[in-house]
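[1] fold the stuff below for me.
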Amino acid sequence: MPTTPATAANSSPNGTKQPILLELVDENGQTIGTAEKLSAHQSPGQLHRAFSVFLFDEQGRLLIQRRALGKYHSPGVWSNTCCGHPYPGEAPFTAAARRTYEELGVSPSLMAEAGTVRYNHPDPASGLVEQEYNHLFVGMVQAQLRPDPEEIGDTAFVTAGELAERHARDPFSAWFMTVLDAARPAIKELTGPAGGW
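    As a prediction, this is how the structure comes out:
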């Protein structure tokens, strides 16, 4: 596996794993400290900075991903194009572009901020809690996907109607509808009224 900022941050020169740190925030999104990733997600959860990306193709279809089965949190469920956590001190926009490339092998086009949303979503399957102050981004994908199989089990481009059908029958991440609904105004601006979003 190539060394990326994500993998470099996780291993020391002697090859031992270093803990991944998240940025803790207050209710206004102001940084108040850091916490190790897993501990921040253990009940009751610590409020931390996160991001969610929604990318669309030229036909106005949303790119969704099914999380790899090997992931410790919400494995095998469908979710938005990309989501994750900035490193402490890393701008959310930079983190969103970085992780999109690391997971999907593409750089977003015309990516723009789409607001923030704060939520608290326990995951009954794992017992972990998503207590997040989430920065939302929308944009386009205009290149061939090269998904990392350690991160992504499958991808699909879906219309609004196809997403509704899939959401009714397949498991999705606990946070998916919250972040999608919060991003809808920016999505409608990007895709136009005919997109149905």
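[2] give the contact list for residue 137.
    Counting by Cβ atoms under 8 Å, 6 or more residues apart in numbering, residue 137 touches 51, 52, 53, 54, 92, 93, 96, 108, 111, 112, 113, 114. For the C-beta atoms, the positions are set from N, CA and C on the backbone; glycine is no exception.
[3] again, 6 Å this time
    The contact partners of residue 137, by Cβ atoms under 6 Å, 6 or more residues apart in numbering, come to 53, 96, 111, 114.
[4] for residue 90, same thing?
    Residue 90 neighbours (Cβ under 6 Å, 6+ apart): none.
[5] just the pLDDT for it.
    We note a pLDDT of 97 for residue 90 in this prediction.
[6] gap between it and residue 143?
    When distance is defined by Cβ to Cβ, to the nearest Å, residue 90 is 23 Å away from residue 143.
[7] helices of this structure, residue ranges please.
    Under the criterion DSSP state H, the chain contains helices at 5-10, 37-41, 92-104, 160-169, 176-191.
[8] and the ones you listed, which one's lowest on average pLDDT?
    helix 5-10 (a mean of 38).
[9] re the thing from before, and the helices of the chain: which comes nearest residue 60?
    Shortest distance between residue 60 and these, using Cβ to Cβ, is found for helix 176-191: 4.3 Å.
[10] contact partners of the closest one?
    By Cβ under 6 Å, 6+ apart, helix 176-191 touches 52, 54, 56, 60, 79, 114, 117, 119, 136, 138, 197.
[11] same question for stretch 111-122.
    With Cβ under 6 Å, 6+ apart as the test, stretch 111-122 has contacts from 129-131, 133-139, 174-175, 178, 182-183, 186.
[12] tell me which residues of stretch 109-124 come out buried.
    Under the neighbour-count criterion of 16 or more other Cβ atoms under 10 Å, stretch 109-124 has 111, 114, 116, 117, 119, 121, 123 buried.
[13] now the third one, which residues is it bridged with?
    The one in question is residue 116. residue 135 (DSSP bridges).
[14] could I get the full set of strands for the protein?
    Assigned by DSSP state E, the strands in the chain fall at 21-25, 31-36, 48-56, 62-67, 78-79, 82-84, 109-122, 129-140, 152-158.
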